[in-house]
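J.: would you be able to build a 3D model of this:
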Amino acid sequence: MNTTEFTALLSALGDKPVRFVLPDGGRIPDHAHITEVGRVDREFLDCGGERRKTSFCCLQAWVADDTEHRLPARKLAAIIGRALDPLGLASLPVEIEYEDGVISQFPVVSVGAGDMVTVHLGTKHTDCLAKEVCLPPAAGSAAECCAPGSNCC
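T.: Just a heads-up that it's a prediction; the model follows:
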């Protein structure tokens with residue numbers, strides 16, 4: 001979900017408190033604060049030598065001792081809204097950064113509303129972006145049979 005979609009949903013849900021549900025069904029404590037709205041740009045070379053860039057909006061969740069704190073949807077939308085233009089966040093996917101033993105980042109996958117606004121978080125995975133370069137060809141494939149210089153084709 002991108003920041004524009006996310007903030008529009010939150011704004012429409014008013015003063016309902018926000019709850020973040022982790023991919024395993026656990027929750028970030030309801031009294032968490034969003035302490036940062038950031039743009040994360042990552043530029044890298046994949047293992048095939050291609051230059052790539054990814055960007056996302058990162059919302060850092062922090063849990064303090066003030067257990068009576070609740071973050072209303074409209075307030076979260078306003079917090080994000082202040083960063084939209086200065087950081088160029090409008091079309092970027094949203095991720096929640098949360099520390100529970102280790103710091104992890106979870107993409108926002110959906111938002112539901114009832115008595116509370118429930119933000120469902122997903123998982124991130126590693127991947128090889130140059131499989132055609134890194135992985136061996138499948139057994140019996142044309143790439144294997146017809147390798148340059150093999151004179152088989």
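J.: can you map out the helices along this protein?
T.: 3-12, 73-87, 131-134, 142-145 (DSSP state H).
J.: contact partners for the most centrally placed residue in the chain?
T.: Within the chain, one residue has its C-alpha closest to the average C-alpha position: by Cα atoms, centre = their mean, that is Pro107, at 2.7 Å. Counting by Cβ atoms under 8 Å, 6 or more residues apart in numbering, Pro107 makes contact with Met1, Phe56, Pro93, Val94, Glu95, Leu121, Gly122, Thr123, Lys124. Yep, even glycine has a C-beta here, placed from its N, CA and C like the rest.
J.: could you measure from Lys124 over to Pro107?
T.: Going from Lys124 to Pro107 by Cβ to Cβ, to the nearest Å gives 6 Å.
J.: circling back: out of the contacts of Pro107, who's nearest Thr67?
T.: For the contacts of Pro107, the minimum distance to Thr67 (Cβ to Cβ) is 21.4 Å, reached by Leu121.
J.: pairing partners for that closest one in the sheet, please.
T.: Counting by DSSP bridges, Leu121 is bridged to Val108.
J.: what about it, neighbour count?
T.: Other residues lying near Leu121 total 23 when counted by other Cβ atoms under 10 Å.
J.: next one, pLDDT for the residue nearest to the centre of the chain please.
T.: On pLDDT, Pro107 comes in at 98.
J.: chain neighbours aside, what residue packs nearest to Pro93?
T.: Phe56 (4.8 Å; Cβ to Cβ, 6 or more residues apart in numbering).
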